[in-house]
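> Structure of the sequence below:
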Amino acid sequence: MKLKLLTFFLMVCSLAFGQDYKSTIAQAEQFYNAKDYAKSTAKYKEAFKIEQKNSNDYYNAGCSAALSGKKDLAFEWLNLAYKNGWTNLQHMKSDTDLKTLHGNKNWDSLIAAIQQEIDKKEVGIDKPLQTELLAIYNDDQTIRQHYMTALKEFGNQSKQADSIAKIMGHKDSINLIKVKDILDKKGWVGPNKVGAQANMTLFLVIQHSDLETQQKYLPMMREAVKDKNAQASALALLEDRVALGEGKKQTYGSQVGYDNKTQKNYVLPLEDPDNVDKRRQEVGLGPIAEYVKTWNIVWNVEEYKKMLLEIEKQQKK
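So this is what the prediction gives:
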């Protein structure tokens, strides 16, 4: 399934209508996280009776359908993802959720159609640089898929998850050397030069780096957003990470922590919680209540404000 890190989605529809769709999608994602793929698939069916246009949701629905053994439905939804703009071919090829579809003639046709669409859009692309960045992207995301699988199967702080985390840290350090070299020589190259997915690689690797590196390249990314060479929604996540790393509160509520005692996730210290959705909307992020459902967090701004002092104390330990 597509990682939430990469979605940056907004639904445009009437408030009541949109919230029904969003809440149903959130339920589908919760069933997916619980490995109840049949119920997840059923919820996606409900959601698509309300709205039929979000490529990320169609893709994720295809993953649930594939995992529940409904191959025909999986292909139907994956094709709708493609028709609604999905072109993240590198991720699709490496996504273990879709393994049961490989070798099917429908799979080959879908891959070929997406590749053709990508080729149409990539006239004037720096192919060698794009290839290098896509390889880094695949390396970055594949290990994280394995890590998320280990977390789901064995839990936080398990030997399995810790082992993969060490491998992930090693890969991140190698990828960071490559990306820093690109940024220092070429700047924050935009999607018009390397394509959207390869462009996103720059953000992903910097986001996963140490605080000093994030601080160094944050101004460059801010300028890249102004020049339309990076997404404002991605910058928001980096802004939050840097703020928390510097001992400040985050602005957009994108960063979530885990309490080992309660074994529950929570939103890390957030500035002005009352107006967080306004700030999120300005950068293209959806409501925080929908965002945090991925971590089984029920957003209640009044309760959060009461807990905020304790959360801040916990972060300083």
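> What separates the first and last residues of stretch 219-234, distance-wise?
Distance across stretch 219-234, first residue to last, is 13 Å (CA to CA, to the nearest Å).
> what pLDDT, on average, does that stretch get?
The average pLDDT for stretch 219-234 rounds to 96.
> buried stuff in that stretch?
Met220, Met221, Arg222, Ala224, Val225, Asn229, Ala230, Gln231, Ala232, Ser233, Ala234 (16 or more other CB atoms under 10 Å). Backbone N, C-alpha and C define where each C-beta goes, glycine included.
> List of residues touching stretch 280-297?
4, 8-11, 22-23, 26, 29-30, 33, 231-233, 235-236, 252-254, 256, 264-267, 276-277, 298-299 (CB atoms under 8 Å, 6 or more residues apart in numbering).
> re the thing from before, Throw the buried residues of stretch 219-234 into JSON lines and include secondary structure and distance to Gln207, thanks.
Below are these laid out as JSON lines (DSSP: H, G, I helix; E, B strand; the rest coil; distance: CB to CB, whole Å):
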{"residue": "Met220", "secondary structure": "helix", "distance to Gln207": "13"}
{"residue": "Met221", "secondary structure": "helix", "distance to Gln207": "10"}
{"residue": "Arg222", "secondary structure": "helix", "distance to Gln207": "14"}
{"residue": "Ala224", "secondary structure": "helix", "distance to Gln207": "14"}
{"residue": "Val225", "secondary structure": "helix", "distance to Gln207": "14"}
{"residue": "Asn229", "secondary structure": "coil", "distance to Gln207": "16"}
{"residue": "Ala230", "secondary structure": "coil", "distance to Gln207": "12"}
{"residue": "Gln231", "secondary structure": "coil", "distance to Gln207": "12"}
{"residue": "Ala232", "secondary structure": "helix", "distance to Gln207": "14"}
{"residue": "Ser233", "secondary structure": "helix", "distance to Gln207": "12"}
{"residue": "Ala234", "secondary structure": "helix", "distance to Gln207": "8"}
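> which of the residues you listed lies closest to Lys305?
Ser233 (25.0 Å; CB to CB).
> ok, the closest one to Val292 distance?
16 Å (CB to CB, to the nearest Å).
> next one: Ser254
Here the criterion is CB to CB. By it, Ser254 lies 10 Å from Val292.
> higher neighbour count, those two?
Neighbours were tallied for Ser254 and for Val292 using other CB atoms under 10 Å; the higher tally belongs to Ser254 (27 against 19).
> just checking, Trp77 touches Tyr58?
Yes: contact criterion CB atoms under 8 Å: Trp77 and Tyr58 qualify, at 4.9 Å.
> Would you point out the most distant pair within the buried residues of stretch 219-234?
Pairwise distances across those peak at 17.1 Å for Met220 and Ser233 (criterion: CB to CB).
> Just give the closest residue to Ala234, not the sequence neighbours.
Phe203 (4.5 Å; CB to CB, 6 or more residues apart in numbering).
> okay, now the domains of the protein?
Here the domain assignment for the chain is 4-121, 127-230, 256-316, based on automatic domain parsing.
> And the ones you listed: which comes nearest Asp240?
Closest approach to Asp240 among the domains of the chain is made by domain 256-316 (8.1 Å; CB to CB).
> what does the average pLDDT come to for that closest one?
Mean pLDDT, computed over domain 256-316, is 91.
> Show me where the stretch 151-300 of the chain has its strands.
256-259, 264-267 (DSSP state E, counting those that start in this stretch).
> right, so those strands: which one is the most enclosed?
Of all those, strand 264-267 has the most neighbours on average by mean count of other CB atoms under 10 Å, namely a mean of 17.
> Direction included, what does that one pair up with?
Neighbouring strands of strand 264-267 in its sheet, by DSSP bridges, are strand 256-259 (antiparallel).
> now the partner strand: how far from the chain's centre is it?
Distance of strand 256-259 from the chain centroid (CA atoms, centre = their mean, to the nearest Å) equals 17 Å.
> How about residues contacting it?
Asn156, Lys264, Asn265, Tyr266, Val267, Leu268, Val292, Trp295, Ile297, Ile311, Gln314, Gln315.
> can we see that at 7 Å?
Outside strand 256-259, the residues that touch it by CB atoms under 7 Å, 6 or more residues apart in numbering are Asn156, Asn265, Tyr266, Val267, Leu268, Val292, Trp295.
> Quick one: those residues as JSON lines, columns for distance to Ser40 too.
Listed next are the contacts of strand 256-259 as JSON lines, based on distance: CB to CB, whole Å:
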{"residue": "Asn156", "distance to Ser40": "22"}
{"residue": "Asn265", "distance to Ser40": "20"}
{"residue": "Tyr266", "distance to Ser40": "25"}
{"residue": "Val267", "distance to Ser40": "24"}
{"residue": "Leu268", "distance to Ser40": "28"}
{"residue": "Val292", "distance to Ser40": "19"}
{"residue": "Trp295", "distance to Ser40": "17"}
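> No further queries at this time; thank you.
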